[in-house]
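> Would you be able to build a 3D model of this:
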Amino acid sequence: MQTSIIEEVRVFNRFYTDFIGLLNQYLLDSAYSLTEARIIYEIFTAGNIQASQIMEIMHIDKSYLSRILKRLEKEGIIEKRKSIQDARGITITLSKKGRQVFEHLNRASNEQVEKLLTPLKSTEAEALAFHMKAIVKILKVHS
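Numbers count the residues shown, from 1 in each chain. Down below sits the predicted model:
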């Protein structure tokens with residue numbers, strides 16, 4: 001692979017993570033890191049999910065996930081129950097408070113993206129979305 005291509009990908013990654021504030025300790029002025037917010041998103045999206053599924057989706061270390069889930073449970077964001085399908089398994093769901101946290105994070109994320117797109121002409125925003133979709137498609141095919 002050409003060094004120039006590698007460098008351009010790295011330049012883009014640094015630019016984008018800085019541009020949308022992913023390097024801040026907490027995401028969107030919340031009490032949650034990017035990883036924690038993503039876990040909350042995955043639980044919300046699934047409705048109920050097992051830790052092993054989160055690990056598979058996010059490619060996250062088991063012990064790291066365990067620490068985050070313990071914190072979220074202690075804060076009342078998630079609830080754990082025995083799985084109906086597998087008595088040995090634990091199902092994770094969002095509590096009422098967790099759904100409120102998700103809604104707040106989701107709203108704040110939408111507002112952040114809208115603020116970033118507002119200065120763009122509609123054709124520029126459409127082109128940006130098109131190219132982002134292409135990036136996802138290309139990388140998914142080869143992952």
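> Quick one: distance of the host helix or strand of residue 106 to the chain centre.
Using DSSP states H and E, the element containing residue 106 is helix 96-117. For helix 96-117, the distance from its own C-alpha centre to the chain's C-alpha centre is 12 Å (C-alpha atoms, centre = their mean, to the nearest Å).
> do you know how far the most centrally placed residue in the chain is from residue 83?
Among the residues of the chain, residue 38 comes closest to the average C-alpha position under C-alpha atoms, centre = their mean, at 3.0 Å. With the distance defined as C-beta to C-beta, to the nearest Å, residue 38 ends up 22 Å from residue 83. Bear in mind the C-beta positions are built from the backbone N, C-alpha and C, glycine included.
> ok, now which ones touch residue 104?
If you count contacts by C-beta atoms under 8 Å, 6 or more residues apart in numbering, residue 104 has them with residue 30.
> Specify the local secondary structure of residue 93.
State at residue 93, reduced to three classes by DSSP: H, G, I helix; E, B strand; the rest coil: strand.
> follow-up on the earlier one: and the helix holding residue 106, average pLDDT?
The pLDDT scores in helix 96-117 average 94.
> What residues does residue 48 make contact with?
For residue 48, the contacting residues are 81, 91-93, taking C-beta under 8 Å, 6+ apart as the criterion.
> and the helix or strand just after the helix holding residue 106, how far from the chain's centre?
Heading C-terminal from helix 96-117, the first helix or strand you meet, by DSSP H and E, is helix 122-141. Helix 122-141 sits 18 Å away from the centroid of its parent chain (C-alpha atoms, centre = their mean).
> and helix 122-141, average pLDDT?
Along helix 122-141, the predicted local confidence has a mean pLDDT of 95.
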